[in-house]
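> Predicted model and sequence below, questions to follow.
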Amino acid sequence: MFFLIVYGLFLLSNLLLYLKLRRSLTVWFPSGRRGRMALALAFFFLAVNSPLLVAVLMGQVGWSLEQLPSRLLRWYFYPGFVWFAMLVGYVLVTAPKDLIWGLGRALLWIYRRLIPRPKRPAFSVSRRHFLAGLAPAMPSALLGTAAYGVYGTSGDLEISPEISIPIPELSPKLDGIRITQLSDIHFGPYLRGRDMKPVVEAANGLGSELVVITGDILDRSLSLLPEATEALGRLKASFGVFAILGNHDYYADQRDPAGGYRGCERLAAGMQSAGVRVLRNACHSIRLAGDAELLLAGLDWLGATRGDPNVYQQHRTKQVLASMLAGSNPKAARVLLAHHPHSFLDAQEFGIPLTLAGHTHGGGQVVFGQIGGVPLGLASLRFRYVRGLYQEQGRFLYVNRGIGYFGIPIRINCLPEISRFRLVRG
């Protein structure tokens, strides 16, 4: 039902935009050519929507986009994603305007009925035609912005400045230890093994003692697990490479009523064979000489226990954290890997000074701006912590913007990133 509603809104948005643009033809073209131009406009709408329709039909018969060559995706399907992104932006911009305009006209009609006033000249036909002629301006601007977000940012990567995190009573032998964080890689149709090569080289070039991956290694399929294993197996760190699972890692396989999400077991085994240790509600202790200990706690994605991989469970998170940390050295420097950033709230009572998370894609991959340092994106409506560094009660959270894509391959004001940290004595 949800997808039927989405498809219905998408088709309706196309229809409304088509009608507005067709009306503008009365301004820009002589009457003798309007029919041919309207037909051409209809064919244009069919062409730009065809990649999305083909993708939907492929899904219905069990095919997926990651089975297609990257070049075919880039030159046939990506223009459809540009159109889709433009349409979403157009609806978000015009829906409030149309609502306010309609409400204003209704209030004006009521006012004129209650308080008669002398008649004024009607809205001129020429002004109506002028406004109708401006109809293509906004979609054209949004289309250009969407095209830049899809094509212009491809291959971009930002290595964030190193952030020093003060750790109370940190052992001198751990003072200065460096951590590199990757997140939300989403191996899938838009990100393949070759795309990860420069990311892995950049991460290795930082020379950190620890490399961590905070979830969503895969997108929605296990088909690219061999590419993910080969690419991430090239990550190097003297203290090891560690990962946790995110909700999309659970999407990678259908739930087996008898055995849970077995795809996650295959993913964890594949990563383990490549030298990446997956922590699934488990801790890993890194001990140096003497009493120096760094405890790395990896929180699995817990929403899947209720059959819906999108549900965040606060109570369950606290239970798992208590079980994981029971009996651990209270003097060890603790770092929590948690895909969902709200885990930071539930980890505060366990004395964890640093939590590394992802999941939000920095605000939903498209950020319209900032207000008071808070990014304005669709994810901002859902998450308390969206991206970057947060500090509460002397504890720190960093939300990584991720490497890959969710939904469509677009990023605007939200570049992929590698984040890095240095633990220092607090």
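In hand now; what should we look at?

> For the stretch 151-300 of the chain, just list every one of the strands.
With strands called from DSSP state E, counting those that start in this stretch, the stretch 151-300 of the chain shows them at 158-159, 163-167, 178-182, 210-214, 241-244, 276-278, 282-287, 293-299.

> Looking at those, which is nearest to residue 330?
Proximity to residue 330 (CB to CB) singles out strand 293-299 among the strands of the stretch 151-300 of the chain, at 9.7 Å. Every C-beta, even on glycine, is put in place using the N, C-alpha and C of the backbone.

> That closest one pairs with which strands?
Pairing partners of strand 293-299, with direction, according to DSSP bridges: strand 282-287 (antiparallel), strand 333-338 (parallel).

> what angle sits between that strand and strand 210-214?
Angle, strand 293-299 to strand 210-214, by axes from the mean of the first three to the mean of the last three CA atoms, to 10 degrees: 20 degrees.

> Determine which stretch of the strands of the stretch 151-300 of the chain is the most buried.
Of all the strands of the stretch 151-300 of the chain, strand 210-214 carries the top mean neighbour count, a mean of 27, counting by mean count of other CB atoms under 10 Å.

> Quick one: closest of the strands of the stretch 151-300 of the chain to residue 391.
Residue 391 sits nearest to strand 163-167 of all these, at 9.6 Å, using CB to CB.

> So which other helices or strands are in contact with that closest one?
The criterion is 3 or more CB pairs under 8 Å, 6 or more residues apart in numbering; DSSP states H and E, and the helices and strands that strand 163-167 contacts are strand 417-425.

> hmm, who's touching stretch 51-68?
By CB atoms under 8 Å, 6 or more residues apart in numbering, the surrounding residues in contact with stretch 51-68 are 7, 10, 73, 76-81, 83-84, 188-189, 192, 219-221, 223-224.

> Kindly write the ChimeraX command that selects the buried subset of these.
Provided next is the ChimeraX selection string for whichever of these are buried by 16 or more other CB atoms under 10 Å:
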select :10,73,77,78,79,80,81,83,84,188,189,192,219,220,221,223,224
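
> Just the ones in helices from the contacts of stretch 51-68, please.
Secondary structure defined by DSSP state H assigns 7, 10, 78-81, 83-84 of the contacts of stretch 51-68 to helices.

> pLDDT of stretch 376-384, averaged?
Mean pLDDT, taken over the full extent of stretch 376-384, equals 83.

> try stretch 270-283
Rounded to a whole number, the mean pLDDT of stretch 270-283 is 96.

> Flag every buried residue along the helix or strand hosting residue 317.
In this assignment (DSSP states H and E), residue 317 forms part of helix 314-325. Residues 317-318, 320-321, 324-325 are the ones in helix 314-325 that count as buried (16+ other CB under 10 Å).

> Dump the strands of the stretch 151-300 of the chain to CSV, plus distance to residue 343.
As requested, the strands of the stretch 151-300 of the chain are arranged in CSV below (distance: least, CB to CB, whole Å):
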stretch, distance to residue 343
strand 158-159, 24
strand 163-167, 17
strand 178-182, 15
strand 210-214, 10
strand 241-244, 10
strand 276-278, 17
strand 282-287, 15
strand 293-299, 6
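
> where does the stretch 251-400 of the chain have low pLDDT?
Counting by pLDDT under 70, the stretch 251-400 of the chain has low-confidence residues at 254-260, 304-309.

> show me where it has helices.
For the stretch 251-400 of the chain, helices defined by DSSP state H, counting those that start in this stretch occupy the ranges 262-273, 314-325, 343-347, 361-364.

> give the contact list for the nearest residue to residue 198 once chain neighbours are set aside.
Using CB to CB, 6 or more residues apart in numbering and skipping the chain neighbours, the partner closest in space to residue 198 is residue 157 (6.9 Å). For residue 157, the contacting residues are 198-199, 202, 403, 415-418, by CB under 8 Å, 6+ apart.

> Looking at these, which is nearest residue 167?
residue 418 (21.6 Å).

> Residue 201 versus the nearest residue to that closest one once chain neighbours are set aside, what's the distance?
The spatially closest residue to residue 418, leaving aside those adjacent along the chain, is residue 159, at 4.9 Å (CB to CB, 6+ apart). Counting by CB to CB, to the nearest Å, the separation of residue 159 from residue 201 is 11 Å.

> Same question for residue 45.
43 Å.

> now residue 414
Relative to residue 201, and taking CB to CB, residue 414 is found at 22 Å.

> how distant is stretch 11-20 from the center of its chain?
Using CA atoms, centre = their mean, to the nearest Å, the mean C-alpha position of stretch 11-20 is found 27 Å from that of the whole chain.

> swap that for stretch 416-426, please
Using CA atoms, centre = their mean, the mean C-alpha position of stretch 416-426 is found 21 Å from that of the whole chain.

> hey, C-alpha coordinates of that stretch in PDB?
Once non-C-alpha atoms are left out, stretch 416-426 reads as follows in PDB (Å, rounded to 0.1, in the frame of the first residue of the first chain):
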ATOM      1  CA  PRO A 416      30.700  11.800   1.400                       C
ATOM      2  CA  GLU A 417      33.300  11.800   4.200                       C
ATOM      3  CA  ILE A 418      35.900  10.000   6.100                       C
ATOM      4  CA  SER A 419      36.000  11.100   9.700                       C
ATOM      5  CA  ARG A 420      39.000  10.700  12.000                       C
ATOM      6  CA  PHE A 421      39.700  11.100  15.700                       C
ATOM      7  CA  ARG A 422      42.500  11.200  18.200                       C
ATOM      8  CA  LEU A 423      42.000  10.100  21.800                       C
ATOM      9  CA  VAL A 424      43.800  12.300  24.200                       C
ATOM     10  CA  ARG A 425      44.000  12.500  28.000                       C
ATOM     11  CA  GLY A 426      41.100  14.500  29.400                       C
END
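
> so who does residue 208 touch?
Neighbouring residues of residue 208 by CB under 8 Å, 6+ apart: 178-180, 237, 420.

> In terms of pLDDT, where does the closest residue to residue 400 other than its chain neighbours sit?
The spatial neighbour of residue 400 that comes closest, neighbours along the chain excluded (CB to CB, 6+ apart), is residue 183 at 3.9 Å. Note for residue 183: predicted pLDDT of 98.

> Verify the contact between residue 211 and residue 243 for me.
No - counting by CB atoms under 8 Å, no contact exists between residue 211 and residue 243, whose distance comes to 9.1 Å.

> Please enumerate the shared neighbours of those two.
Looking at what touches both residue 211 and residue 243 (by CB under 8 Å, 6+ apart), there is no common residue.
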